[in-house]
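1. Here's my sequence, what's the structure:
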Amino acid sequence: MEKNYLKKSAIYLGTIGLIILIFSIIWIVTDRQYFHLFSRINSKVASELGGFVSGFVGIFWTAAGVILIYSNFREQRIFSDKQQFESSFFNLISTYHNLVNSTKGDVHKNNSSDTEEFSGRSFFSAVLNEIKNGLESEKFLKEMLQNPDLPEVGELVKMDSEKNFPE
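-> Here you go, the predicted model:
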């Protein structure tokens, strides 16, 4: 909304300056005091008239130019912010894909001691399947209870195992 207002204001000011210039030229040509077709031009009068026209019309055109430059700078800033956001977004997506594709690891097969190496997205799928299978097995729960590195998890698993697997 403001962008259109600024551009319309600049167009109005430029048009007013152009109209004043046209009327000034018509006035100069038709008034015999300032301009005679076949006589010498009085430099003092022409200088005063030129200063008047350029000063009066110049104000409107300068204002129109300043408004257009300001409007252009605003548009460039908005475009720059948008471009910076898009660049950051796509860099994050690229980094995410690189991390996923570079991930490698060994995953146990079907609750056995055999492992298989997976990489990329298949690694995450294999880990998820192992977690799902492991959480459903009693062997996994007992191993979690005996793991000294995870006492808090062990307590949670113990509570859950007593509820789901009563002895």
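
2. for Ala63, what are its contacts?
-> Ala10, Leu13 (CB atoms under 8 Å, 6 or more residues apart in numbering). Glycine gets a C-beta too; all of them are placed from N, C-alpha and C.

3. If you could redo that for Trp61, that was the one I meant.
-> Trp61 is in contact with Leu13, Gly14, Gly17, counting by CB under 8 Å, 6+ apart.

4. Tabulate the residues you listed (a markdown table), appending neighbour count and secondary structure.
-> Formatted as a markdown table, the contacts of Trp61 follow (neighbours: other CB atoms under 10 Å; DSSP: H, G, I helix; E, B strand; the rest coil):
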| residue | neighbour count | secondary structure |
| --- | --- | --- |
| Leu13 | 20 | helix |
| Gly14 | 17 | helix |
| Gly17 | 19 | helix |
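
5. can I get these in CSV with pLDDT?
-> Below are the contacts of Trp61 laid out as CSV (pLDDT from 0 to 100):
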residue, pLDDT
Leu13, 82
Gly14, 83
Gly17, 82
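
6. quick one, what contacts Phe52?
-> Residues near Phe52 by CB under 8 Å, 6+ apart: Ser24.

7. for the contacts of Trp61, which one is nearest Arg40?
-> Gly17 (29.9 Å; CB to CB).

8. Low-confidence ranges, this structure, go.
-> For the chain, residues meeting the criterion pLDDT under 70 lie at 1-3, 28-29, 31-39, 41-42, 110-112, 134-167.

9. which other helices and strands contact whichever strand or helix holds Ile19?
-> Following DSSP states H and E, one finds Ile19 within helix 2-30. Packing contacts for helix 2-30, counted by 3 or more CB pairs under 8 Å, 6 or more residues apart in numbering; DSSP states H and E, involve helix 43-102.

10. need the contacts of Trp61 in JSON lines with distance to Phe118, can you?
-> Listed next are the contacts of Trp61 as JSON lines, based on distance: CB to CB, whole Å:
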{"residue": "Leu13", "distance to Phe118": "68"}
{"residue": "Gly14", "distance to Phe118": "68"}
{"residue": "Gly17", "distance to Phe118": "73"}
